[in-house]
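In: coordinates only, no sequence provided:
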């Protein structure tokens, strides 16, 4: 599958998919990944290793965590050099008053939104896709 970079095509083909479960942000100051956890995202920062992982795993490992989120994957295969996708998605969610943390994977973009608003966020993104197809 070829990665898409045309913004209109990206938006019209968003295909947001919510993953089941609750995900949280935690940090490990010494950068060592605790046993028994399988983060879906890691980011190495000067302050430590940031983990995005299932809430149950964070709790079982005794990690302090914040921001309980729902995880949405945009199923469109976006090119890493595509311009405007993150801005358009963020604007649509901003207009709905929904915070969003975006992580780019090689094939797809992943959004972490407040857990209690994940279904609403998917609806907002589906509406954005529909408007892009008709306008």
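Out: Perfect, I can see it now. If you're wondering where the values come from, they're calculated on a predicted model, not measured in any experiment.
In: so what's the closest residue to residue 92 other than its chain neighbours up against?
Out: Once flanking residues are discounted, residue 92 sits nearest to residue 128: 4.6 Å by Cβ to Cβ, 6 or more residues apart in numbering. C-beta coordinates here come from the backbone N, C-alpha and C atoms, glycine included. Shown in contact with residue 128 (Cβ atoms under 8 Å, 6 or more residues apart in numbering): 11, 14, 88, 89, 92.
In: would you mark the buried spots in the helix or strand hosting the last one?
Out: Assigned by DSSP states H and E, residue 92 belongs to helix 85-95. Neighbour-count burial for helix 85-95 flags 85, 86, 88, 89, 92, 93 (criterion: 16 or more other Cβ atoms under 10 Å).
In: for the protein, just list every one of the strands.
Out: 16-18, 23-28, 41-45, 48-54, 65-74, 101-104, 109-114 (DSSP state E).
In: can you name every helix or strand that the last one contacts?
Out: Using 3 or more Cβ pairs under 8 Å, 6 or more residues apart in numbering; DSSP states H and E, the elements in contact with strand 109-114 are strand 65-74, helix 85-95, strand 101-104.
In: ok, residue 125 to residue 42 distance?
Out: 25 Å (Cβ to Cβ, to the nearest Å).
In: the more surrounded of those two?
Out: Higher neighbour count among residue 125 and residue 42: residue 125, with 27 against 13, using other Cβ atoms under 10 Å.
In: OK, contacts around that one?
Out: Here residue 125 is in contact with 14, 16, 72, 74, 89, 92, 93 (criterion: Cβ under 8 Å, 6+ apart).
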